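A.B. asks: here you go, sequence then predicted model.
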Amino acid sequence: MAVNNVRLVPIAEGWAGNSNNAVIFRRNSVVTDGDMQYVAFYDDTGHVVLARRVLGSADWEIQQTPLTGNVADAHNCISLMVDGDGYLHLSWDHHNNRLRYVRSVSPGSLDLTGPLSMTGLVEDKVTYPQFYRLAGGDLLFFYRDGMSGNGNLMLNRYSTRAQQWTQIQNSFIDGEGERNAYWQIAIDSNETIHLSWVWRETPDVATNHDLCYARSHDGGLTWQKSTGEVYDLPITQTSAEIACAIPQGHELINQTSMCADALGRPYIASYWRPPGTEIPQYHLVYHDGASWQVSQVSQRETPFTLGGVGTRRIPISRPLIVAAADRDATRAYLVFRDEERDSRVSVASCADLGNTAWQITDLTETSVGHWEPTYDSELWESAHELHLFVQFVGQGEREGVEAVPPQMVSILEWGV
């Protein structure tokens, strides 16, 4: 079933030889501040490109920046955010290397400063930079220190008043030198930080296991379980709350998506292979206020296995989840790409998690290759409008590059 309330707004052509511009752990690829929307992506020369428009317009101001990245490595994505004073913050080109971070020279500007440090602490082995904006305009910055199978989670906070970063946590999820956490984060309307993750024992993706959870009510200073029990930091494999137990070797993917509704309840999207089958399925793990629940979203028919190191060429994308709740029902939307649906942009919708089955529709008519979904989180939170970064991209095994020429970067607007 297709939908009609979709608008695809083109921007410019970007690098497409791998999924660097379209990996799900980009946070964010696109972000709105007031009535202005900003987008970042790599072009075919490896330069970071910034673009902006007034919401609703199809006219973009586009600027190639002096910043460059190793686009051949699909880990080295761009993360973009705007603080409460209107300054852009951008981090890019990371895979276990020194922090690369800049800001705009003035609010709303596409002109950027030279390279900056944040705190100067533990900034030599950065991967997966992610910004999050708090209601008052301050920013949080999460990243991994270390490498796959042996890394720790870090947290910095930016004060708009002081225009300065402070380290809030150093290795507060600790792999103990034997594993690392692959995380996803959501911040609800009460500024509770919801954090979930899977453990990986080695660089082999097949060693992913167990979906875990923690939350913080004080900006990341202290953390607790869903029961309210306070964690002794750092959180380790032994102390972590398991929201859903999933053994190694069950095609559990890492770095997916989570969100929280207006009632402060967390929702975590992922895929793994249920017991007794060879077919991985999309699942939603959520807390209903009393306990953790699991809903199987998809009814896929094609088996595949996950194994090996580096970026894999996988027939389905990692899923993106957004949800909205009122006193009567919780609506949820899971965005994905699946070769079974000709690799279109697809969405599974559920009008009421308590009573309604999932319905799948396609938002594009053509393939997006090995694209994964990222969205304008600030626009969704403020207006429940879903704007997705969309581009056809290739992806080879283990950081392989395909001979895909530059492809159009667009924003897909879906009137939910």
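C.D. replies: Alright, I've got the coordinates. Bear in mind the structure is a predicted one, so any value in this text is a computation, not a measurement.
A.B. asks: need phi/psi at residue 383.
C.D. replies: The phi and psi values for residue 383, taken as degrees, to the nearest 10, are phi -140, psi 0.
A.B. asks: count of residues packed around it?
C.D. replies: Look at residue 383: counted by other Cβ atoms under 10 Å, it has 12 neighbours. Quick note: C-beta positions are derived from backbone N, CA and C, even for glycine.
A.B. asks: residues in contact with the nearest residue to residue 147 once chain neighbours are set aside?
C.D. replies: Spatial nearest neighbour of residue 147, excluding adjacent residues (Cβ to Cβ, 6 or more residues apart in numbering): residue 96 at 5.2 Å. Neighbouring residues of residue 96 by Cβ atoms under 8 Å, 6 or more residues apart in numbering: 125, 126, 127, 146, 147.
A.B. asks: ok, residue 96 to residue 106 distance?
C.D. replies: According to Cβ to Cβ, to the nearest Å, residue 96 and residue 106 sit 33 Å apart.
A.B. asks: convert stretch 227-234 to CSV, retaining C-alpha atoms only.
C.D. replies: In CSV, the C-alpha atoms belonging to stretch 227-234 read as follows (Å, rounded to 0.1, in the frame of the first residue of the first chain):
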residue,chain,number,x,y,z
THR,A,227,12.5,0.3,38.5
GLY,A,228,14.1,3.5,40.0
GLU,A,229,17.1,1.5,41.4
VAL,A,230,20.2,3.8,41.2
TYR,A,231,23.2,2.4,39.3
ASP,A,232,26.7,2.4,40.9
LEU,A,233,28.8,3.8,38.1
PRO,A,234,30.2,2.7,35.8
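A.B. asks: how many neighbours does residue 253 have?
C.D. replies: Using other Cβ under 10 Å, residue 253 has 22 other residues around it.
A.B. asks: returning to what we had before: so which of the contacts of residue 96 comes closest to residue 162?
C.D. replies: Minimum distance to residue 162 across these is 22.5 Å, recorded for residue 126 (Cβ to Cβ).
A.B. asks: could you check the pLDDT of the residue nearest to residue 147?
C.D. replies: Residue 96 carries a pLDDT value of 95.
A.B. asks: which residue packs closest to residue 84, ignoring adjacent ones?
C.D. replies: Closest to residue 84 by Cβ to Cβ, 6+ apart is residue 137, at 1.4 Å.
A.B. asks: pretty sure that neighbour contacts residue 87?
C.D. replies: No. Taking contacts as Cβ atoms under 8 Å, residue 137 lies outside contact range of residue 87: 9.8 Å.
A.B. asks: tell me which of these two has more neighbours.
C.D. replies: Using other Cβ under 10 Å as the criterion, residue 137 and residue 87 rank with residue 87 on top: 22 against 17.
A.B. asks: distance check, that one against residue 103.
C.D. replies: For residue 87, the distance to residue 103 - Cβ to Cβ - is 5 Å.
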